[in-house]
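Student: Structure for the following, please:
(chains A and B)
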Amino acid sequence: NAGVTQTPKFRILKIGQSMTLQCTQDMNHNYMYWYRQDPGMGLKLIYYSVGAGITDKGEVPNGYNVSRSTTEDFPLRLELAAPSQTSVYFCASRDGVASPYEQYFGPGTRLTVT
Amino acid sequence: KNEVEQSPQNLTAQEGEFITINCSYSVGISALHWLQQHPGGGIVSLFMLSSGKKKHGRLIATINIQEKHSSLHITASHPRDSAVYICAVRSTGGADGLTFGKGTHLIIQP
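Tutor: Residues are numbered from 1 along each chain as shown, chains lettered A, B, ... in the order given. As a prediction, this is how the structure comes out:
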């Protein structure tokens, strides 16, 4: 039972490069989220999805894009990496039915942009 | 002003002490979460509350909806309880997703 998985665990990017952070969940959850965690700050919502084909912006969406073509996958795309995007990124999911508000977190991706 | 405020930000205590971490929020909520994060580690859900009190082992979480306040208590604290404890709320308005406090960094010394 893998739960929420994220790849890669660590990545160093140069300014201007692009990359995709992968997130997959095997719990058939409709709701999926991307958060970023900066030192000394609370996690902030980047994007979320309430089901396949539906995505919406959170609090800090600038510089990111997402897609949700399947229930399982919710990749986060950085098109032109900037030092301000250095952070730890967490993906999360929730059922929305049986335990509607319980969120399950992935292990995180630590990204450094230099 | 942050919508979710935690106190204290840092707490160092001796093994065996009773620990209390507080969380206040300023928005209407449908649920409040207490989460645990070990250094360099992932985030684990400890409790989800919408009213009253919950207990898991040595951990107790309470919430007062009228006062918009929640507390996390640890009884008979142990060095393995050392971690960052995060309060998060699901608002009744706005975007789906959680709004997080900055966390309380707890160190339990043997």
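
Student: Going by C-alpha atoms from here, please, whenever you check contacts or count neighbours.
Tutor: Fine.

Student: counting contacts, what elements does the helix or strand bottoming out on mean pLDDT in chain A pack onto?
Tutor: Scoring the helices and strands of chain A by mean pLDDT, DSSP states H and E places strand A:103-105 at the bottom, with a mean of 92. Packing partners of strand A:103-105 (3 or more C-alpha pairs under 8 Å, 6 or more residues apart in numbering or on different chains; DSSP states H and E): strand A:87-94, strand B:43-49.

Student: quick check: mean pLDDT across the last one?
Tutor: So the one you mean is strand B:43-49. In this model, strand B:43-49 has an average pLDDT of 93.

Student: Relative to it, what are the paired strands and their orientations?
Tutor: Under the criterion DSSP bridges, strand B:43-49 sits next to strand B:29-37 (antiparallel) in its sheet.

Student: what sits up against the partner strand?
Tutor: A:101, B:43-50, B:72, B:83-92 (C-alpha atoms under 8 Å, 6 or more residues apart in numbering or on different chains).

Student: How far off centre is it?
Tutor: What separates the centre of strand B:29-37 from the centre of its chain is 7 Å, taken as C-alpha atoms, centre = their mean, to the nearest Å.

Student: Distance check, the residue of chain A found nearest chain B against residue A:62.
Tutor: Minimum separation of chain A from chain B (C-alpha to the nearest C-alpha) falls at residue A:42, amounting to 4.0 Å. Here residue A:42 is placed at a distance of 18 Å from residue A:62 (C-alpha to C-alpha, to the nearest Å).

Student: for the nearest residue in space to residue A:91 that is not next to it in sequence, what are its contacts?
Tutor: Take residue A:91 and drop its neighbours on the chain: the residue closest to it by C-alpha to C-alpha, 6 or more residues apart in numbering or on different chains is residue A:34, 4.6 Å away. When contacts are counted by C-alpha under 8 Å, 6+ apart, residue A:34 is found next to A:45-48, A:76, A:89-92.

Student: Partner strands of the strand or helix carrying residue A:34 and their direction?
Tutor: Secondary structure assignment for residue A:34, by DSSP states H and E: strand A:31-37. Applying DSSP bridges, strand A:31-37 is found paired with strand A:44-51 (antiparallel), strand A:87-94 (antiparallel).

Student: what about that strand, distance to the chain center?
Tutor: Centroid displacement of strand A:31-37 relative to its chain, using C-alpha atoms, centre = their mean, is 4 Å.

Student: and that strand, what's its mean pLDDT?
Tutor: On average, the pLDDT along strand A:31-37 is 96.

Student: if we can go back for a sec, ChimeraX command to pick out the buried ones of the contacts of strand B:29-37?
Tutor: Selection of buried members from the contacts of strand B:29-37 for ChimeraX, criterion 16 or more other C-alpha atoms under 10 Å in any protein chain shown:
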select /A:101 /B:43,44,45,46,47,48,49,50,72,83,84,85,86,87,88,89,90,91
